[in-house]
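Peer 1: Everything below, folded, please.
(one chain, ligands or ions: 1)
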Amino acid sequence: MCGIIGYIGKEQALPLLMEGLRRESYRGYDSSGVVVFGLEPVCVKAVGKLESLEQKVTDIYPKGTIGLGHSRWATHGGVTEANAHPHADCKQNIFLVHNGIIENYQVLKEKLKAKGHTFLSETDTEVLPHLVEHFFQGNLEEAVRKALQYVRGSYGIAVIAKEDPGKIVAARVSSPLVFSVNGSGGFVASDPSALISHSNKMVFLDDGEIAVIKESTFEVFDLQRNLKKKEVTELEWTLEEAQKGGYEHFMLKEIMEQPESIENSIRGRILAEEGRARLGGLAEVEKSLREVQGLNIIACGTSLNAGLVGEYMLEEYAGIPVDVDFASEFRYRKPIIDKDTASLFISQSGETADTLASLKEVKEKGGLALGIVNAVGSSITRETDAGVYNHAGPEIGVASTKAFTSQLAVLSLLTLLLGRQRQLSLVMGQRIAKEIARVPELVSQILSKASSVEALAQKYKGFENFLYIGRKYNYPVALEGALKLKEISYVHAEGYGAGEMKHGPIALIDENFPTIAICPSDSVYEKMISNIQEIKARNGKVIAIATEGDEGIKSIADDVFYIPKTLEMLTPLLSVIPLQLFAYYMGVLRGYDVDKPRNLAKSVTVE
Ligand code: G6P
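Peer 2: Residues are numbered from 1 along each chain as shown. Got it, this is the predicted structure:
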C-alpha cells in the first residue's frame, strides 16, 4: 500500500529516489520522505502531495549516493510529518522505511522504552530502527536478522546505517520487495514500476529472506543466515503494465490480490483461542458497545451491500437488531438515535458526501458513531468516535472489489467482538475465528479458476439482461453481483432476494434473460433450488454458484461454478469472487474500459 525506494551507487541518490516515488505514486499516499547519506544523513519529510516533498528537497538538496524514499499511506498514526518514513534510531545511525503492519509493536515499544529508547512518532514502524539499533554491533544485516526474530506481522523493509555504509539491507514477510543491481547501481523498491526505467532484470524477494544490496553485487540469505540462490527475472513490462502488476487492468489486479488484502484486514485481529476479535480502533468504546441495544449501518453502493451482509452476521451471532440504510435516505429520514443505538458508517474512501452527511446527523443527535473505512485519515475517520480500518490498500479500479471483501472480513470480526460480549458461545466463537483465518486460502482456490469464469462470460456476453438471486447472506451478494455487472459492462442486471422473485421479476424470465443464482449448501439451499426450478420452468437459463460436492445442481442449472465449503456467514466472501470476475470479463469482452466506467466516480463527494 505504501511505496519504498532505495538506491546505492555512484550517482546522486536524491533525483533517483524522487523519480521512484513519483512512479509509485499511482498507488495513493498521504505523506512522503527521503533520507540521503552524505557527510551526515539528511532526512526530509512532507505531508500531502509529492510536490510538497519536492519543494522541500529542492531547497535543501541533500547530497549523497545512498538513500531511501517512502510514500506513506497511513495505518497506525495520523497523517503527520513525524509519522512519515524514513524512521531512525536514537543515534540517527539507522534509517528504515517499511510497508506492512507490525502487530506486536506496542509490546516491543514498551520494552524498548524501558531500555531508554525515545520514540518520536505514533507509528508501528518506528520500533524497527530501534530494535535494529539494539542489536547493532557494526554489521547491519546481522542486526536486522536478529531484530526480525522478535517481530510479528507483515513487512517489506529497506534499511541503511551510517556506521555500516555501502549497503542497503532489505527484508520481507507478506509485503512485496524487488531489487535490481546493474551497471548504474543497486535499487530496491516495493513495486517493479519504480525500477523499470533503470533495469528490467529484477530479483523478487520471498518471505523470510534478507537481501544485502551493494553498488554492483547482492546476496540473499534466509533468517538462519543460509545463502540463497536467487533467480533474476527479466520483465518485459511497460511502466503502465508494471503498475498493474502485469495485469491488464487495475480491477483484475485488485480482484486477484484479495487473498492478500483479506489477510491484511484480519492479520493480528483474531484471538482464536478466546474465539474473539481484537479491534484496536474500538478499544476505547468497547464498554459502550457492550451496552448497545441496536445498530444502524449506513453506507452507499458496494459498501452498503457489505453492510447488508453485516446485518445478517450481527443479528445471527451477536443478537443485535440491525437496520441498514442508504446514506442518501438515512440523512433525510428521521432516524431514531438514542443512547442505546450505535451507528456504523462503512466507506472505502471515507469521503462519500451522503455518508458523511448522515454521520454529521448522528453526531448532531448525540449518537455513538463508528466507522469501517479503508482510507486512513479521511473525513469519516476524523468524524467518527471510533472505528476499524480495512487495511485493504489503495483501490484504484472504480468498481469496488477488494474493499468489499475487506469490509466483509472486518464485519465478521466485529460480529465476533460484539457476539462474545453477548450471546455467542466460546466454542462457536472459536469456530468462526478459525474459519475467518481460512478465508484468504479459500479465495485463492476460487481465483485459480478464473479462466472458467472467463469462459462463462464468453458464453453469455451477448445477453442484455441478467437477474441475480440469492437468499439470506447471499441476498446482498446478488445485489453486489448485479451492481458490478451494471457498472462495468453496462448490461442491465437486477439483484433480488430469491423469494421475492415471484412478486415481479419472474415476469421477465424467458430464454433471453439469464439468472445467476447464488446457492451454496446452506440453511436456505432447498428454497433456492425451488426458485431455480421456477426459472427453469419458464425456459430461463441459470448459472449457479454452488458449493463443491453439490453434484445434484448440475442437473438443474445450465452452468455451475463451485466455491469451497465454509461457514454460512462467510459464504459471501467466496461467492462474490466469481461475480466480480464475471462482471470484469463481460466488460472486457464487450470492449469497455473497466477501470474507468462511464458516468461513475471512485469517490462521490457531491450529493
Ligand atoms: C461510488 C463508487 C462505488 C462505492 C460507492 C461508495 O459510487 O463508485 O464503488 O461503493 O461510491 O463509496 P465509499 O467510498 O463510501 O465506499
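Peer 1: C-alpha from now on. contacts and neighbour counts both.
Peer 2: OK.
Peer 1: which residues of the stretch 501-607 of the chain fall in strands?
Peer 2: Along the stretch 501-607 of the chain, counting by DSSP state E, counting those that start in this stretch, strands occupy 515-518, 542-547, 559-563.
Peer 1: counting contacts, what elements does the second one pack onto?
Peer 2: Packed against strand 542-547, as judged by 3 or more Cα pairs under 8 Å, 6 or more residues apart in numbering; DSSP states H and E, are the following elements: strand 515-518, helix 525-536, strand 559-563.
Peer 1: Mean neighbour count and distance to the ligand added to those, as TSV?
Peer 2: Shown next, in TSV, are the helices and strands packed on strand 542-547 (neighbours: other Cα atoms under 10 Å; distance: least, Cα to the nearest ligand atom, whole Å):
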stretch	mean neighbour count	distance to the ligand
strand 515-518	27	21
helix 525-536	18	27
strand 559-563	20	24
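Peer 1: follow-up on the earlier one: will you turn the strands of the stretch 501-607 of the chain into CSV that also has mean pLDDT?
Peer 2: Converted to CSV, those look like this (pLDDT from 0 to 100):
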stretch, mean pLDDT
strand 515-518, 98
strand 542-547, 98
strand 559-563, 98
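Peer 1: Let me have those in TSV, adding distance to residue 174 as columns.
Peer 2: Shown next, in TSV, are the strands of the stretch 501-607 of the chain (distance: least, Cα to Cα, whole Å):
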stretch	distance to residue 174
strand 515-518	32
strand 542-547	29
strand 559-563	25
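Peer 1: Spatially nearest residue to whichever residue of the stretch 1-150 of the chain sits closest to the ligand, not counting backbone neighbours?
Peer 2: Residue nearest to the ligand within the stretch 1-150 of the chain (Cα to the nearest ligand atom): residue 28, separated by 14.3 Å. Across the structure, with Cα to Cα, 6 or more residues apart in numbering as the measure, the residue nearest residue 28 apart from its sequence neighbours is residue 394 (6.1 Å).
Peer 1: Show me the one of the helices and strands packed on strand 542-547 that comes nearest residue 168.
Peer 2: strand 559-563 (43.8 Å; Cα to Cα).
Peer 1: Name every strand pairing with the closest one and say which way it goes.
Peer 2: strand 542-547 (parallel) (DSSP bridges).
Peer 1: does residue 391 really touch residue 374, like I thought?
Peer 2: Yes: counting by Cα atoms under 8 Å, residue 374 is a contact partner of residue 391 at 6.1 Å.
Peer 1: Where does the one residue sitting closest to the centre of the chain sit, in terms of helix or strand?
Peer 2: Nearest to the mean C-alpha position of the chain, by Cα atoms, centre = their mean, lies residue 392 at 1.1 Å. Take DSSP states H and E as the rule and residue 392 turns out to sit in neither a helix nor a strand.
Peer 1: Which residues does the worst-scoring helix or strand of the chain on mean pLDDT contact?
Peer 2: Sorting the helices and strands of the chain by mean pLDDT, DSSP states H and E puts helix 239-243 at the bottom, at a mean of 75. With contact meaning Cα atoms under 8 Å, 6 or more residues apart in numbering, helix 239-243 is reached by 24, 26, 191-193, 196-197, 247-248.
Peer 1: okay, now residue 492: neighbour count?
Peer 2: By the measure other Cα atoms under 10 Å, the count of residues near residue 492 is 15.
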